[in-house]
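Novice: Build me a structure from this.
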Amino acid sequence: MPKKQILSRARKSASTTSRSKALDFFAEAGLLKRVKRSGWWVAGIENPESVADHCFRCAVIGFYMAHEEGADPYRVLAMTLFNDIHEARINDLHKMGHYYIDFKAAEKRVFADQVAPLPSRVRAEITGIRTDYDTQGTLEALVARDADILECLVQAREYCDNGYPVAKKFLKRAPGFLKTRTARELWEALQSWDSTVWWENVVKFER
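Specialist: Predicted coordinates for the structure are as follows:
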């Protein structure tokens, strides 16, 4: 077989393997649509939001906040999207579990294993984003973390407004961790916000 043909087949095989690994990563990320945010169980919510639900709105909040704070919105988006990717393998663990288990060490190990099969340039960028978030040394990391906390607070308000009063307890502690001006202002607005009425401004009822 000619050398060119051998090289061509080798490249094609390598490319197929690489794309297959990417599809594996996408499938794993898809598990987050079925992994539940376990902290809400203690509030009596039998079927709480999924991790993917949380990450989506966290990204929306982060994008908004990044513009308000003068941060790179796309880096913030990436941080919010990949922050909980490890939970596809080890699930979500609420704070009581964190008290007994060194979950942070497990997160780092899982994340390294997850991105290892990806192309080096992709792996390097995702790893850099995750390291930046974990060290909280940039404005983008602060915004992304605040977005994560705020999403939980918005969700708690929604659960309260929809008949789960125990969720109100989640509204008491988390605000003390907010770092950015925009996050604190959103928290202040949340105090008097009714999550059940926004759609009334969109839908006009006929008499």
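Novice: got the contact list for the residue nearest the centre of the chain?
Specialist: With distances taken as CA atoms, centre = their mean, Cys55 lies nearest the centre of the chain, 3.2 Å away. Shown in contact with Cys55 (CB atoms under 8 Å, 6 or more residues apart in numbering): 32, 80-81, 83-84. Where C-beta positions appear, they are placed from N, C-alpha and C, glycine not excepted.
Novice: try 10 Å this time
Specialist: For Cys55, the contacting residues are 29, 32-33, 80-85, 87, 148, 151, by CB atoms under 10 Å, 6 or more residues apart in numbering.
Novice: Can you tell me the closest non-neighbouring residue to Ala174?
Specialist: Spatial nearest neighbour of Ala174, excluding adjacent residues (CB to CB, 6 or more residues apart in numbering): Ile149 at 5.2 Å.
Novice: Report the secondary structure state of that neighbour.
Specialist: Counting by DSSP: H, G, I helix; E, B strand; the rest coil, the backbone at Ile149 sits in helix.
Novice: quick one: it and Leu178 touch, right?
Specialist: Yes. Applying CB atoms under 10 Å, one finds Ile149 in contact with Leu178, separated by 6.1 Å.
Novice: in what helix or strand does Asp84 lie?
Specialist: Counting by DSSP states H and E, no helix or strand carries Asp84.
Novice: quick one: it from Glu68, how far?
Specialist: With distances taken as CB to CB, to the nearest Å, Asp84 is found 23 Å from Glu68.
Novice: Give me the pLDDT value at Ala147.
Specialist: On pLDDT, Ala147 comes in at 98.
Novice: Mind telling me what element the residue nearest to it when sequence neighbours are not counted is part of?
Specialist: What sits nearest to Ala147 in space, not counting adjacent residues and going by CB to CB, 6+ apart, is Gly62, at 3.6 Å. Using DSSP H and E, Gly62 sits in helix 51-69.
Novice: where's that helix relative to the chain centroid, distance-wise?
Specialist: Centroid displacement of helix 51-69 relative to its chain, using CA atoms, centre = their mean, to the nearest Å, is 8 Å.
Novice: The helix or strand just after that helix vs helix 51-69, what angle?
Specialist: Once helix 51-69 ends, the next helix or strand along the chain (criterion: DSSP H and E) is helix 73-82. Per axes from the mean of the first three to the mean of the last three CA atoms, to 10 degrees, the angle that helix 73-82 makes with helix 51-69 is 160 degrees.
Novice: in helix 73-82, what's buried?
Specialist: Of all the residues in helix 73-82, those buried under the rule 16 or more other CB atoms under 10 Å are 73, 75-82.
Novice: Going by neighbour count, which residues of the helix or strand harbouring Val154 are buried?
Specialist: Per DSSP H and E, Val154 falls inside helix 139-161. Buried residues in helix 139-161, counted by 16+ other CB under 10 Å: 139-157, 159-160.
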